[in-house]
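J.: when you get a sec, could you give me coordinates for this:
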Amino acid sequence: MYFPRLIIPLSGVISTLVGFAIGFAVLVILLIVYRVPMTPNVLWLPLFREHRFAYVFHLAAYAAEGLSHFIKHFNYRNNLVGSVNLINASVNYDVRRFVFTSSIAVYGRAALPMTEETTPQPEDSYGIAKYAVELKLRATHEMFGLPYIIFRPHNVYGEHQNIGDRYRNVIGIFMNQIMQGQPMTIFGDGAQTRAFSYIADVAPVIARSIELPEATNQIFNVGADTPYTVNELAEVVAGAMGAGAMGAPANVAHLPARNEVQHAFSSHEKARRVFGGAEPASLREGVSRMAAWAQRVGARQSSVFGEIEIRRNLPPSWAQAIAQTAMRQAIIVAQRRMICSSSPFAVCLLASRRARCTRRRRNEP
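T.: Predicted structure coming up:
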């Protein structure tokens, strides 16, 4: 099986981290970077056997915190079991260091600002999976000696992010809605606070970590310092996208509140002591850069998640989108059946890929 492969200087891993941040792990052996699906496990082993990777940057996750309550099996299969598969391979093939991007979601409703000494109490399935991987890395180090570095980033945004996913990446969601002429949707009153982190302020820290011995077997919060309300964020995004007159309020639709942590931002003093670093981009600066990119690539079609496992308490807007999609699919199936039954020479491909109806009718006299 073919995997996308880049041959770049190790410093170039920064751009790789930006582009591969969702759904894939990045395996580094000197100057070779592979982009590999998280599952199934059998796909990993030939690469490990062939290359004996020096470092693993594990960035892969389906990072939809709110949705994770309703897709528990999918969440743990991808975010936990896939991670364990990668940890096992790293032990068996003597990886020098395993770099893992966890999440601020491990803290739950902790005192602010959240520090690395804060006891994690995750409240959603995504945060639980991330914290379980952290514990697994610690236990694996103690048992097998695998060195690790754990980062807890938060609300990362920037160019090349998936703006078509309706369940995560709020800045991308807002930009996609604006480009489609829709209001920006906010759950609840919008008073929730988050510190939104520009990717160029996060990726270099992660990439450099393997060069610093003092970072080994440590946990670091990484990201922006200043929290903003979601309402404030909407105003910033609207301004960057040119979606309103000067001083006019942003076009926002408030949806029923969902069960989520209301205020979440962390301290980065530990990361600054170890990594140093320049002043991070302001929210307006980072959003403006992303907006320029988003307007170049254009709006993306947002699909619904097709593997909902629990429907109780699903946010009404998500439930409505699922119902509308199911209705459209039913109409398509009905139309194809009608074509199949009325055409003299018809090939009917039903919505289910498994169901194929090939029918030839004789000409009537």
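J.: hang on, residue 235 packs against residue 251?
T.: No: between residue 235 and residue 251 there is no contact, the gap being 10.7 Å when judged by Cβ atoms under 8 Å. For the C-beta atoms, the positions are set from N, CA and C on the backbone; glycine is no exception.
J.: pLDDT score for the residue most central in space within the chain?
T.: Centroid check for the chain by Cα atoms, centre = their mean gives residue 63 as the closest residue, at 3.9 Å. In this model, residue 63 is scored at 91, pLDDT.
J.: same question for residue 6.
T.: Reading off the confidence values, residue 6 has pLDDT 37.
J.: likewise residue 248?
T.: The model's pLDDT for residue 248 equals 68.
J.: the one 10 residues further on too?
T.: Model confidence at residue 258, expressed as pLDDT, equals 94.
J.: quick one, what contacts it?
T.: Contact criterion Cβ atoms under 8 Å, 6 or more residues apart in numbering gives 66, 187-188, 315 as the residues in contact with residue 258.
J.: and the helices in the stretch 51-200 of the chain, which stretches?
T.: Counting by DSSP state H, counting those that start in this stretch, the stretch 51-200 of the chain has these helices, from start to end: 65-68, 72-76, 82-92, 125-144, 170-179, 199-208.
J.: still on that earlier bit, just the buried residues from the contacts of residue 258, in ChimeraX please.
T.: To isolate the buried members of these in ChimeraX, using 16 or more other Cβ atoms under 10 Å:
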select :66,187,315
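J.: max pairwise distance over the contacts of residue 258: which two?
T.: Checked with Cβ to Cβ, the contacts of residue 258 reach their widest spread between 66 and 188, with 11.6 Å between them.
J.: spatially nearest residue to residue 131, not counting backbone neighbours?
T.: Distances taken as Cβ to Cβ, 6 or more residues apart in numbering put residue 106 closest to residue 131, at 4.3 Å, once the chain neighbours are dropped.
J.: count of residues packed around that neighbour?
T.: Per other Cβ atoms under 10 Å, the neighbour tally for residue 106 reads 26.
J.: just checking, it touches residue 118?
T.: No: contact between residue 106 and residue 118 fails when scored by Cβ under 8 Å: they sit 9.0 Å apart.
J.: pLDDT below threshold where in the stretch 101-250 of the chain?
T.: 244-248 (pLDDT under 70).
J.: pLDDT at the closest residue to residue 96 other than its chain neighbours, what is it?
T.: With Cβ to Cβ, 6+ apart as the criterion, residue 96 has its nearest non-adjacent residue at 5.0 Å, and that residue is residue 54. Residue 54 carries a pLDDT score of 89 in this model.
J.: what does the one 5 residues further on give?
T.: What the model reports as pLDDT for residue 59 is 89.
J.: I'd guessed residue 64 sits against residue 168; true?
T.: Yes: with the criterion set as Cβ under 8 Å, residue 64 and residue 168 qualify as a contacting pair; they are 4.2 Å apart.
J.: and the closest residue to residue 301 other than its chain neighbours, how many residues sit next to it?
T.: In space, not counting the residues next to it along the chain, residue 301 is nearest to residue 164; the distance is 6.1 Å by Cβ to Cβ, 6+ apart. Neighbour count for residue 164, taken as other Cβ under 10 Å: 14.
J.: one more: residue 269?
T.: Using other Cβ under 10 Å, residue 269 has 13 other residues around it.
J.: now do the contacts for residue 284.
T.: Contacts of residue 284 were listed using Cβ under 8 Å, 6+ apart, and they are 236, 239-240.
J.: may I ask which of those residues has the most neighbours?
T.: So for these (other Cβ under 10 Å), the most neighbours sit at residue 240, 24 neighbours.
J.: hang on, residue 252 packs against residue 188?
T.: No: the pair residue 252 / residue 188 is not scored as a contact, 11.7 Å apart, by Cβ under 8 Å.
J.: and the residue nearest to residue 301, how far from residue 173?
T.: Between residue 164 and residue 173 the computed distance is 9 Å (Cβ to Cβ, to the nearest Å).
J.: same question, residue 144
T.: Here the distance between residue 144 and residue 173 works out to 41 Å (Cβ to Cβ).
J.: who's more crowded, these two?
T.: Counted by other Cβ under 10 Å, residue 144 and residue 173 do not tie: residue 173 has more neighbours, with 21 against 13.
J.: just give the closest residue to the more buried one, not the sequence neighbours.
T.: With Cβ to Cβ, 6+ apart, the residue lying closest to residue 173 is residue 166, at 6.4 Å.
J.: could you report the neighbour count for the one you found?
T.: 19.
J.: got a list of what it touches?
T.: With Cβ under 8 Å, 6+ apart as the criterion, the residues that contact residue 166 are 173, 302-304, 318, 321.
J.: which ones among those lie within helices?
T.: Of those, the ones assigned to helices by DSSP state H are 173, 318, 321.
J.: can you list those residues in a markdown table and add distance to residue 138?
T.: Below are these laid out as a markdown table (distance: Cβ to Cβ, whole Å):
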| residue | distance to residue 138 |
| --- | --- |
| 173 | 34 |
| 318 | 35 |
| 321 | 39 |
